[in-house]
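[1] Kindly return the folded structure for what I paste below:
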Amino acid sequence: MIGKAIYNILQTIPVRCYPHRAPQTASYPVVVYNITNVNPSDTKDGASTLDITTVAISVFAKDYEEINDIGAQIRAAMDYISHGTYNGVKIQGIRFANQNEHAYDDKAKVYGVEFNYNIRHDRA
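    Residues are numbered from 1 along each chain as shown. Alright, predicted model coming up:
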């Protein structure tokens with residue numbers, strides 16, 4: 001379910017976004033997002049109704065400045081997002097966690113950077 005919300009939020013930036021991996025035929029720049037961790041917030045008397053999901057959002061582009069520009073747009077769209085419902089998913093908040101650069105890919109001739117976010121959301 002949270003993937004629907006992530007996709008919905010990322011649609012606010014003008015770049016192609018894909019879950020898990022981009023198609024071989026995709027042209028750059030491209031954004032790929034993956035859910036890397038889900039932590040439940042259990043209660044004393046039952047299962048979690050709130051999860052904290054970590055998502056990794058990777059940007060790949062032929063130009064180093066372009067990955068930084070797109071990264072800034074992603075951060076503006078994601079970081080400390082307003083409480084609300086995004087594509088049917090109730091989000092309480094999103095927090096930027098960290099950023100890691102990928103090694104330059106000599107074969108594909110692309111730069112990459114990964115942004116990690118923690119998302120507090122109602123469990124569906």
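[2] was I right about residue 35 contacting residue 1?
    No - in this structure residue 35 lies outside contact range of residue 1 using C-beta atoms under 8 Å: 10.4 Å. In short, each C-beta sits where N, CA and C put it, glycine included.
[3] Need the residues touching each of these two.
    Common contacts of residue 35 and residue 1, defined by C-beta atoms under 8 Å, 6 or more residues apart in numbering, are absent altogether.
[4] which SSE is residue 99 in?
    In the assignment (DSSP states H and E), residue 99 maps to strand 89-101.
[5] got the buried residues for that strand?
    For strand 89-101, the neighbour count (16 or more other C-beta atoms under 10 Å) marks 89-91, 94 as buried.
[6] Name every strand pairing with it and say which way it goes.
    The pairing partners recorded for strand 89-101 under DSSP bridges are strand 84-86 (antiparallel), strand 111-122 (antiparallel).
[7] from the chain's centre, how far out does the shortest one sit?
    Looking back up the chat, that one is strand 84-86. Its chain's C-alpha centre and that of strand 84-86 lie 16 Å apart, by C-alpha atoms, centre = their mean, to the nearest Å.
[8] and the residue lying farthest from the centre of the chain, what is it in contact with?
    The outermost residue of the chain, judged against the average C-alpha position, is residue 45 (31.9 Å), by C-alpha atoms, centre = their mean. Residues near residue 45 by C-beta under 8 Å, 6+ apart: none.
[9] Understood, closing this out.
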